[in-house]
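Engineer: please find the sequence and the predicted model below.
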Amino acid sequence: MRVRFLTVLLAAAAVLPALSAVMALPAHADTPELPDRVAAGWRTDRVFVDERMRAAVPATELDRIRTAARTAGLPVYVALIPRTPAVQRADLPTLLQARIGEPGVYVVALVDGAYWSTTAQLYRPAGLRGRSLSSVRSDDKRRLDIVSDRPAPQVVRTIQQASTAYDGRALPPVPAADLEPGRERPERGLSVSDKKDRATAVGAGVGGLLAFVPMLVAALRYRPASKGSKGSKRSEADERPVEASRVRQLADSKIKQAEQALARLDRRRNKSSAQLDQRDDAYRRLDAAKTVRAEQPDDVLALAGAFVLARQADRVAAGAALQPPCFFDPTHAPGTLTVDWSDDVEVPACKSCATAVRRGRTPRGLRVQGKAGLLGRKPVPYWTLDPEDSPMVASGFGALSDDLPERIAARKDEVR
Ligand SMILES: [Zn+2]
């Protein structure tokens, strides 16, 4: 089983656009290819420091990281790398895990000037379930208050979050020295419905689900479609594809809303670095939303993607936690629950789709016009389309991997 999973993983990783982003690095700056260098370095030391910055990282920082890794309870791989646009676009933890092929937590810390940021993916041994790293991360309110002027505080916290996701241990408190001065703010208030959903919530980041994407591409598309329709006579209306004009309206009003939220954030003076990060992230999503909206004004997939991205931009700009869309239909309420979809594949879903899946049914899903020929002109659930044709399909509108803005940007680059 595990071997099969890895084979699929490797095969699928080879076609991910992220890979081409890394390969596009200028040869003189990264020879041999960056992921290969990191993987080679990890054979002797699982804390890799890029040679371009070895002098700049104090030994005390590395010692702290090694100590945290030793007590993590799972294999820990850490890479400290200078941030470049190509590196930032690539999904390095996934590319690196594909090279190592072992379970564990893969942490990549990127530095730009004096500013550190981290991304990570947790890979469990096949068959082992637990919380996703992204849900632990998003529940960890302290993560936004951790200093970013040196690598250890964020990397150590990420390792601790991975341990919590892996074996359920409690998250230790953050040492005061790792907190930004004056960041002892109270936790943000939650609405009643938020609290109700929290027990099973996927939370903000959906990156943790990325590990499952290859399985999804390989397996999910071929899930028997009959499962949901058994015994239920569908009316004509049910079989009609969703109309572009309706989705365009949704997208346009959400884009406007996100623009207003961002304008409000822009007007705030003395923004904290967390707010500046929120602002950057919200603009990234909004820009991608406007790009697809402008380029494909009549395409249901593009418009639904624009809607999802604008909705996320609106939330992020307002300081709320990021939410993945419902995998089955991105125009539904956000995917605040997770459901098992097929072997080893978990997806975020709205309440009604989650209920359907738990009852063994296939949610109706976003229906789009299939290609003529093989499937006729019947509307089909979008996830049965070829993921290579659309970044929306490939990422489940960002439900499977929170990289839709990058995928859209990468596609734009290709077109040029
Ligand atoms: Zn749904």
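Structural biologist: Alright, I've got the coordinates.
Engineer: mind listing what's buried in stretch 43-62?
Structural biologist: Of the residues in stretch 43-62, 46-50, 57, 61-62 count as buried by neighbour count, 16 or more other C-beta atoms under 10 Å. C-beta: built from backbone N, CA, C; applies to glycine.
Engineer: what stretches of the stretch 201-350 of the chain score poorly on pLDDT?
Structural biologist: Applying pLDDT under 70 to the stretch 201-350 of the chain flags residues 201-239, 342-344.
Engineer: where does it come near the ion, residue by residue?
Structural biologist: 326, 328-329, 332, 350 (C-beta under 5 Å from the ion).
Engineer: run through the neighbouring helices and strands of the helix or strand hosting A313.
Structural biologist: Using DSSP states H and E, A313 maps to helix 300-317. Under the contact criterion of 3 or more C-beta pairs under 8 Å, 6 or more residues apart in numbering; DSSP states H and E, helix 300-317 touches helix 244-267, helix 273-295, helix 391-395, helix 404-415.
Engineer: right, and the helix or strand after that helix?
Structural biologist: Immediately after helix 300-317, counting by DSSP H and E, sits strand 337-342.
Engineer: ok, R142 touching A176?
Structural biologist: No. The pair R142 / A176 is not scored as a contact, 11.1 Å apart, by C-beta atoms under 8 Å.
Engineer: more neighbours, these two?
Structural biologist: Higher neighbour count among R142 and A176: R142, with 14 against 8, using other C-beta atoms under 10 Å.
Engineer: show me the contacts for the closest residue to that one other than its chain neighbours.
Structural biologist: Sequence neighbours aside, V174 is the residue nearest to R142 in space, at 4.8 Å (criterion: C-beta to C-beta, 6 or more residues apart in numbering). Shown in contact with V174 (C-beta atoms under 8 Å, 6 or more residues apart in numbering): 142, 145-146, 153, 157.
Engineer: cross these against helices and list the overlap.
Structural biologist: Cross-referencing the contacts of V174 against helices under DSSP state H gives 153, 157.
Engineer: could you identify the least confident member of the contacts of V174?
Structural biologist: In terms of pLDDT, the lowest of the contacts of V174 is R142, showing 80.
Engineer: so it versus the ion, what's the distance?
Structural biologist: Relative to the ion, R142 is positioned 31 Å away (criterion: C-beta to the ion, to the nearest Å).
Engineer: got it, and Q275?
Structural biologist: If you go by C-beta to the ion, the gap between Q275 and the ion works out to 31 Å.
Engineer: check V76 too.
Structural biologist: 36 Å.
Engineer: still on that earlier bit, now tabulate the residues of the stretch 201-350 of the chain next to the ion in JSON lines and tack on neighbour count.
Structural biologist: Shown next, in JSON lines, are those (neighbours: other C-beta atoms under 10 Å):
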{"residue": "C326", "neighbour count": "29"}
{"residue": "F328", "neighbour count": "28"}
{"residue": "D329", "neighbour count": "23"}
{"residue": "H332", "neighbour count": "18"}
{"residue": "C350", "neighbour count": "22"}
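Engineer: how is this protein partitioned into domains?
Structural biologist: Listed by automatic domain parsing, the domain ranges of the chain are 2-187, 196-223+240-415.
Engineer: picking up where we left off before, pick the most deeply packed of the helices and strands packed on helix 300-317.
Structural biologist: Comparing the helices and strands packed on helix 300-317 by mean neighbour count (mean count of other C-beta atoms under 10 Å), helix 391-395 comes out on top with a mean of 24.
Engineer: what's that helix in contact with?
Structural biologist: 17, 213, 217, 301-302, 304-305, 330, 382-383, 385-388, 401, 403-404, 407-408, 410-411.
Engineer: please redo it, this time with the cut-off set to 7 Å
Structural biologist: 301-302, 304-305, 382-383, 385, 387, 401, 403-404, 407-408, 411 (C-beta atoms under 7 Å, 6 or more residues apart in numbering).
Engineer: got it, and stretch 35-55?
Structural biologist: Outside stretch 35-55, the residues that touch it by C-beta under 7 Å, 6+ apart are 22, 57, 62, 65-66, 69, 76-82, 92, 95-96, 99-100, 111.
Engineer: tell me how far R358 lies from E180.
Structural biologist: To E180, R358 is 41 Å away according to C-beta to C-beta, to the nearest Å.
Engineer: out of these two, which sits in the more crowded spot?
Structural biologist: More neighbours surround E180 than the other of R358 and E180, with 16 against 12 (other C-beta under 10 Å).
Engineer: got phi/psi on the more buried one?
Structural biologist: The phi and psi torsions at E180 (degrees, to the nearest 10) take the values phi -60, psi 140.
Engineer: residues touching it, list them.
Structural biologist: Counting by C-beta under 7 Å, 6+ apart, E180 touches 145, 147.
Engineer: now it: how far from V155?
Structural biologist: 16 Å.
Engineer: and if you look at I255?
Structural biologist: With C-beta to C-beta as the criterion, I255 and V155 are 36 Å apart.
Engineer: P82 too?
Structural biologist: Taking C-beta to C-beta, one finds P82 at 15 Å from V155.
Engineer: so the two - more neighbours on which side?
Structural biologist: Using other C-beta under 10 Å, the more surrounded residue of P82 and V155 is V155, with 27 against 15.
Engineer: which residues touch the more buried one?
Structural biologist: 65, 78, 107, 109, 118.
Engineer: ok, of these, which one's closest to K271?
Structural biologist: T118 (21.2 Å; C-beta to C-beta).
Engineer: and the end-to-end length of stretch 78-88?
Structural biologist: Between the opening and closing residues of stretch 78-88 lies a distance of 16 Å (C-alpha to C-alpha, to the nearest Å).
Engineer: report the backbone C-alpha coordinates of stretch 319-339 in PDB.
Structural biologist: Taking C-alpha atoms only, stretch 319-339 is exported to PDB below (Å, rounded to 0.1, in the frame of the first residue of the first chain):
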ATOM      1  CA  GLY A 319      -8.200  39.400  10.200                       C
ATOM      2  CA  ALA A 320     -10.300  36.300  10.200                       C
ATOM      3  CA  ALA A 321      -8.800  32.800   9.700                       C
ATOM      4  CA  LEU A 322      -8.500  31.600   6.200                       C
ATOM      5  CA  GLN A 323     -11.100  29.000   5.200                       C
ATOM      6  CA  PRO A 324     -10.800  26.400   2.400                       C
ATOM      7  CA  PRO A 325     -13.800  26.100   0.000                       C
ATOM      8  CA  CYS A 326     -16.200  23.200   0.100                       C
ATOM      9  CA  PHE A 327     -14.400  20.700  -2.200                       C
ATOM     10  CA  PHE A 328     -17.600  19.600  -3.900                       C
ATOM     11  CA  ASP A 329     -18.900  23.000  -4.800                       C
ATOM     12  CA  PRO A 330     -16.800  26.100  -4.200                       C
ATOM     13  CA  THR A 331     -19.900  28.300  -4.300                       C
ATOM     14  CA  HIS A 332     -21.200  26.500  -1.100                       C
ATOM     15  CA  ALA A 333     -20.400  27.700   2.400                       C
ATOM     16  CA  PRO A 334     -16.700  27.200   3.200                       C
ATOM     17  CA  GLY A 335     -15.300  23.800   3.900                       C
ATOM     18  CA  THR A 336     -15.200  24.000   7.700                       C
ATOM     19  CA  LEU A 337     -15.500  20.200   8.100                       C
ATOM     20  CA  THR A 338     -13.400  17.400   6.700                       C
ATOM     21  CA  VAL A 339     -14.700  14.200   5.300                       C
END
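Engineer: all good on my end, thank you.
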